[in-house]
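Engineer: Attaching a predicted model along with its sequence, questions to come.
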Amino acid sequence: MTLHITRLEPTIGAEIAGIDLREPLTHALRDELRQLLLTHKVLFFRDQAINTEQQIAFAKEFGELYVHPTTQQNDPTKPQAHLIEAQDERKLYGPRISGRWHTDTSWLLQPTLGAVLRAVDLPEVGGDTLWADAGAVYRALPDDLRAEIDNLHVVHDFKKSLDKVGYDYPILAHPLVRTHPETGEDGLFINFSQNPSVIGWTPQQSKQLIDRLLLEFNKPEHQVRFKWRPGSVAFWDNRSTLHYPVYNYGDYPRRMERVLIAYDDIPHRVRAANAA
Ligand code: SIN
């Protein structure tokens, strides 16, 4: 099987053709895809008539799966496949006027490695998803700002949502700048949907910095935007990207299924310069 790779943006996003995700992966193909994921950060597949079981089997090739405590399932016998549905999200998080840049499960001590998302029911138009390259965003910051933020820790607070389902987990902070454990690339690790604030800074200082970082994530130069179609699948690295679901489809019950790949044995590194 020969993969056809079409880069979508200079540093992020590639469409992969020449593969049928219904079929089990050979070790060689799995390794090739993993390498492509590290290079392009988010991979897109079109026209894949896969079901939940095949989606789970594909994701499982890349690590143990993580069952998220707050998400619903389409099928309770397959808890690894999380139903992402606007109605449910509204119940859990309140009405959403716009998406937020986030990375999944960053509230965990060891956030998930990545995710496989499959379109199940799409609005006729709208409901795109954007991914931003967290390494490119970091590199685009002025030198003095990079130096200022290199040793900071930022809070990831998902407590309100976890409390709603009775899941007890402490609020924690991660280094704002992390080195990717496999590629060695430095990037920002922040979640704009989880009340980010800088440890040791005043709320005003914190807000000023968070707003500045958001400005950079919002630049289309660092992003890839995916238009879902029936049969579309996205596979991304949560360690090097943030993503943003676009809520522009009114009350349409857009439905997706997401499988999360748990962190593997490779611990993330704090930025090499800090560790020295
Ligand atoms: C997610 O935020 O994990 C899902 C993104 C989407 O629904 O487009």
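Structural biologist: Yep, it's here. Bear in mind that the values here come from a model prediction, so they are computed numbers and not experimental data.

Engineer: For the stretch 151-276 of the chain, which residues are neighbours of the ligand?
Structural biologist: The stretch 151-276 of the chain comes close to the ligand at residues 243, 245, 256, 258, as judged by CB under 6 Å from any ligand atom. Bear in mind the C-beta positions are built from the backbone N, C-alpha and C, glycine included.

Engineer: out of these, who's nearest the ligand?
Structural biologist: Within those, proximity to the ligand (CB to the nearest ligand atom) peaks at Pro245, which comes in at 3.5 Å.

Engineer: Find the nearest non-adjacent residue to the closest one, please.
Structural biologist: Leaving aside its chain neighbours, Pro245 sits nearest to Gly99 (4.5 Å; criterion: CB to CB, 6 or more residues apart in numbering).

Engineer: still on that earlier bit, report the two of the residues of the stretch 151-276 of the chain next to the ligand separated the most.
Structural biologist: Within these, His243 and Met256 form the most distant pair, 11.9 Å apart (CB to CB).

Engineer: Which of the residues of the stretch 151-276 of the chain next to the ligand are buried? Put it as a ChimeraX command.
Structural biologist: To isolate the buried ones among those in ChimeraX, judged by 16 or more other CB atoms under 10 Å, type:
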select :243,245,256,258
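
Engineer: And for the spatially closest residue to Leu109 that is not a sequence neighbour, the neighbour number?
Structural biologist: Distance criterion CB to CB, 6+ apart; nearest residue to Leu109, sequence neighbours excluded, is Leu172 at 6.3 Å. Close neighbours of Leu172, defined as other CB atoms under 10 Å, add up to 14.

Engineer: What confidence value was assigned to Leu172?
Structural biologist: Here the pLDDT value assigned to Leu172 is 96.

Engineer: Can you give me the distance of it to Leu33?
Structural biologist: Using CB to CB, to the nearest Å, Leu172 is found at 31 Å from Leu33.

Engineer: How about Ile199?
Structural biologist: For Ile199, the distance to Leu33 - CB to CB - is 37 Å.

Engineer: If you drop the residues flanking it in sequence, what lies closest to Ile12?
Structural biologist: Once flanking residues are discounted, Ile12 sits nearest to Asp133: 4.1 Å by CB to CB, 6+ apart.

Engineer: how close does that neighbour sit to the ligand?
Structural biologist: Using CB to the nearest ligand atom, to the nearest Å, one obtains 17 Å as the distance from Asp133 to the ligand.

Engineer: need the contact list for that residue.
Structural biologist: Residues counted as contacts of Asp133 (CB atoms under 8 Å, 6 or more residues apart in numbering) are 11-12, 41, 187, 222-223, 240-241.

Engineer: Any chance of the residues you listed in TSV with pLDDT as columns?
Structural biologist: Converted to TSV, these look like this (pLDDT from 0 to 100):
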residue	pLDDT
Thr11	97
Ile12	98
Lys41	98
Gly187	97
His222	98
Gln223	98
Ser240	97
Thr241	98
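
Engineer: What does the pLDDT read for the residue nearest to Pro245?
Structural biologist: At Gly99, pLDDT is 77.

Engineer: isn't it right up against Tyr247?
Structural biologist: Yes. If you go by CB atoms under 8 Å, Gly99 and Tyr247 touch, sitting 5.6 Å apart.

Engineer: ok, Arg139 - contacts?
Structural biologist: Contacts for Arg139 (CB under 8 Å, 6+ apart) come out as Asp186.

Engineer: State the distance from it to Leu36.
Structural biologist: Relative to Leu36, and taking CB to CB, Arg139 is found at 21 Å.

Engineer: hmm, who's touching stretch 17-29?
Structural biologist: 1-4, 6, 33, 45-46, 48-50, 54-55, 57-58, 61, 233.
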